[in-house]
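>>> this one's sequence-less:
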């Protein structure tokens, strides 16, 4: 390597990553990848030096990485390891550390691919790294890594993460963002506190936060909506175990809450429509359509103020709204599937209909990409 460095590429695939975009909730993947690589590098070092019980002092610091570029296609961040970190912290060992890092990366490839061979059972150190690496991936998103010895490409998605982690232990961690109802507060001491939120997906969950935050933001707000983004621990059957980390949490503000309530009331109105509501035509709006529509409101409440909500003759729900110079439509089918399309208000641009089986991560990623691109 003429430049004295190693470049490792993480190829992010998915709608959110188009045009070299990296949402901030995936940035924690970089230190997690580094920690996983370091863990395997330690294993490789000890294999090479079987007379040692532990790696030398300065080993961890010799593995320093920097984000040096993000290429398109969809988004390909480049992480660089520089030999100088090894030369400073482990003088005389830079060449060997380079070989160790390469072997460690190969072990990660084998781990994700599912080979056995040199890959040992996952230690707690590796599980901790895997619990953070890819935790923000949504449905139909993945991270691709290329085998440096061949043209083979392996990928890590939400399903593969779960398989790897629950294969080594009973639980795994993943991000969970939603809106729920505040049903309880707790202040055990000056620092120890938490709140209980009623959610549709996991029922009542306890979120540990500092007692001062409980008193300042949540006391007196029982029954109000809480918007949150959490790292939750689930078992192999996807049952909730605990909240592992809190990224963002707060009471939904009055204006947004009013808009959300208005949309929910509108859906309740659609529920009361009988067949033939449109001059003798028009099917009754199905519960599947109403459930998907409600899920859409909960997942993207910040747009509730712009939504115009109508029934469709087939028994579905239509959301019309304007954003960034575009007129968008999100149509929920009677079976709960979703179609999104749009036209440019003062131009000739069009978005051909995109179909999704549900209000899932794939649809939300597409929706977010459109909103980000147009305002």
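Structure received. Predicted, not measured: the structure shown is a model, and the values here were computed from it.

>>> and residue 181, what is it in contact with?
197, 198, 223, 224, 225, 226 (Cβ atoms under 8 Å, 6 or more residues apart in numbering). C-beta: built from backbone N, CA, C; applies to glycine.

>>> Show me which of those is closest to residue 298.
residue 225 (9.2 Å; Cβ to Cβ).

>>> Tell me how many other residues surround the closest one.
20 (other Cβ atoms under 10 Å).

>>> Name the nearest residue to it, sequence neighbours excluded.
Leaving aside its chain neighbours, residue 225 sits nearest to residue 252 (4.1 Å; criterion: Cβ to Cβ, 6 or more residues apart in numbering).

>>> With residue 78 instead?
residue 69 (4.2 Å).

>>> What helix or strand is the one you found located in?
strand 65-72 (DSSP states H and E).

>>> Packing partners of that strand?
Judged by 3 or more Cβ pairs under 8 Å, 6 or more residues apart in numbering; DSSP states H and E, the packing partners of strand 65-72 are strand 5-9, helix 29-48, strand 75-82.

>>> Tell me how far it lies from the chain's centre.
20 Å (Cα atoms, centre = their mean, to the nearest Å).

>>> how about it: buried residues?
residue 65 (16 or more other Cβ atoms under 10 Å).

>>> By mean pLDDT, show me the worst of the helices and strands packed on strand 65-72.
Least confidently modelled of these is strand 5-9, at a mean of 82 by mean pLDDT.

>>> angle of it against strand 75-82?
If you take axes from the mean of the first three to the mean of the last three Cα atoms, to 10 degrees, strand 5-9 sits at 160 degrees to strand 75-82.

>>> outside of the helix or strand following strand 5-9, which residues touch it?
Note on strand 5-9: by DSSP H and E, the next helix or strand toward the C-terminus is strand 11-13. Strand 11-13 is contacted from outside by 22, 26, 73-77, 141-146, 153, 155, using Cβ under 8 Å, 6+ apart.

>>> Among those, find the lowest-pLDDT one for me.
Minimum pLDDT across those is recorded for residue 73, with 78.

>>> quick one: the strands in the stretch 101-250 of the chain?
With DSSP state E, counting those that start in this stretch as the criterion, the stretch 101-250 of the chain has strands at 142-146, 153-156, 171-187, 193-199, 203-209, 225-235, 240-251.

>>> Report the buried residues of the last one.
Buried residues in strand 240-251, counted by 16+ other Cβ under 10 Å: 240, 243, 244, 245, 246, 249.

>>> What is the nearest of these to residue 294?
Among the buried residues of strand 240-251, and counting by Cβ to Cβ, the member closest to residue 294 is residue 240, at 20.3 Å.
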